[in-house]
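Student: Can you look at this prediction? I've put the sequence above it.
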Amino acid sequence: MQTEEFLSETWRRQAPPAPLIRDIESRLARQRCSRLLQRGGEIALTLAAVAVFGGAAAARGMQPVHWLLLPFFLIYLPAAWFVVLRGWRARSESLGENVSNHARQRLVQLRTGLRDLWLARRAATALLLYAGVALLLTLILGDRAWRTAALFMIGYAAAWWFCTQWFVNRRRRRKLREYRALRRLLAD
Amino acid sequence: MHPLWPNVEARIPQLWRAVCGYEAIPALQQELLQEVLLAIWEALPSLRDPDRLPAFALRVAHNLGASHARGASRQPRALAFDEELHGTATHSPTADADDARARWLFEAVRALPLNLRQALMLQLEGYEYREIAEMLGISIDNVGVRVHRARARLKQLLDKEDRRAN
């Protein structure tokens, strides 16, 4: 029984450090604020893209660069928002469930998340290929304005491809680690 | 502020201990606790029965902790063994001895597999097997088996410490 008492007493005696308790509300407020800023940033970027293309189309001032980038944004933006909105809802819904139910639901979310990362990688590669084909065609058929726009787009696509690879690799490692931990939890 | 938030704040020590069972690094412990509290804050409006708040808060902590953990960590570091740390009931520990004991216990808990760790942490908080079974979504018998195995492993580690010191 000494071991039992030692374990229980030692465990329950532990409390968080006092500065953490004092600061907890301000930390939570900062975290909520940064989440709101992140959401605001995502919305602002989307509205900016819509404003750029919508404004150019409305003013009949579509330049070659607008035409070249338009297919990408028409596909990418709705897909990205679909993934982001799904992520917002999914995790918080199951956190209050019992551990086994949450783990099962979380595994489904993680599989979906890993598939989304695979799609993001493929989309970045597709954009790079599209930019390459556009550059080739403008070199053969286009004038200076179109060639400049195509060069701009391939630079943008290459940067996007590298950033996506970095982002996907980081996220994938984290998701896989969590996936394996939860699989072991349910298997035992 | 949600009317139940003061009740959540009263549970912070319990949530803190749960978080420490999943993470060793103090800065990451604080981050994980913040994540837990934020998740509870966001979920509070959907909590129908306020009496279930303590169990609800712990479920959130353990769900986030399980996602955060990397599985069982390495064996707990050996302490410079002190007879008084693991001595008889008449011993009155100093603050340093208490800290060392607590650090050892948390490291030992983090060394357990996730399924044993969760059952043990809830049992150490004073929950009954029936309540632990509900929180983990397993049978009462399974809770008993996991707690027994977890305590047996901790006892083995404690005995190893005693032998190392002697």
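Tutor: Everything's here; your move. Here the structure is a predicted model, which means the values were calculated and not measured.
Student: quick one: the helices in chain A?
Tutor: A:2-13, A:18-58, A:64-94, A:99-141, A:144-187 (DSSP state H).
Student: go on, chain B?
Tutor: Here chain B has its helices, by DSSP H, at B:5-10, B:12-20, B:26-43, B:53-68, B:95-110, B:114-124, B:129-136, B:140-165.
Student: By mean pLDDT, which helix or strand of chain B comes out lowest?
Tutor: Sorting the helices and strands of chain B by mean pLDDT, DSSP states H and E puts helix B:95-110 at the bottom, at a mean of 83.
Student: Averaged pLDDT, stretch B:47-54. What do you get?
Tutor: For stretch B:47-54, the mean pLDDT works out to 86.
Student: Low-confidence ranges, chain B, go.
Tutor: Residues of chain B meeting the criterion pLDDT under 70: B:70-95, B:165-166.
Student: Point out the most buried one among the helices of chain B.
Tutor: Of all the helices of chain B, helix B:114-124 has the most neighbours on average by mean count of other C-beta atoms under 10 Å in any protein chain shown, namely a mean of 25. Every residue, glycine included, has its C-beta placed from N, CA and C.
Student: Let's see that one as CSV, backbone CA atoms only.
Tutor: Taking C-alpha atoms only, helix B:114-124 is exported to CSV below (Å, rounded to 0.1, in the frame of the first residue of the first chain):
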residue,chain,number,x,y,z
LEU,B,114,-0.5,5.5,-24.0
ASN,B,115,-3.3,3.1,-23.1
LEU,B,116,-1.9,2.2,-19.7
ARG,B,117,-0.8,5.8,-19.1
GLN,B,118,-4.3,7.3,-19.6
ALA,B,119,-6.0,4.7,-17.3
LEU,B,120,-3.4,5.2,-14.6
MET,B,121,-3.5,9.0,-14.7
LEU,B,122,-7.3,9.0,-14.3
GLN,B,123,-7.0,6.6,-11.4
LEU,B,124,-4.4,8.7,-9.7
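Student: Give me the packing partners of it, helices and strands only.
Tutor: On a contact count with 3 or more C-beta pairs under 8 Å, 6 or more residues apart in numbering or on different chains; DSSP states H and E, helix B:114-124 meets helix A:2-13, helix A:144-187, helix B:53-68, helix B:95-110, helix B:129-136, helix B:140-165.
Student: which stretches of chain A have low pLDDT?
Tutor: A:1-3, A:21-22, A:56-57, A:59-61, A:82-92, A:188.
Student: hmm, try it at 80
Tutor: For chain A, the stretches with pLDDT under 80 are A:1-6, A:17-25, A:27-28, A:31, A:42, A:45-46, A:48-93, A:188.
Student: Residue A:160: how many residues sit nearby?
Tutor: The local packing of residue A:160 (other C-beta atoms under 10 Å in any protein chain shown) involves 17 other residues.
Student: For it, give me its contacts.
Tutor: Shown in contact with residue A:160 (C-beta atoms under 8 Å, 6 or more residues apart in numbering or on different chains): A:124, A:127, A:128.
Student: And for residue B:160?
Tutor: If you count contacts by C-beta under 8 Å, 6+ apart, residue B:160 has none.
Student: try residue A:96
Tutor: Residues counted as contacts of residue A:96 (C-beta under 8 Å, 6+ apart) are B:43, B:46, B:47, B:56, B:59, B:60.
Student: ok, the closest residue in space to residue B:119 that isn't next to it in sequence - contacts?
Tutor: Nearest residue to residue B:119 in three dimensions, chain neighbours excluded: residue B:146, at 3.8 Å (C-beta to C-beta, 6 or more residues apart in numbering or on different chains). By C-beta under 8 Å, 6+ apart, residue B:146 lies in contact with B:115, B:116, B:118, B:119, B:120, B:138.
Student: Perfect, that will be all.
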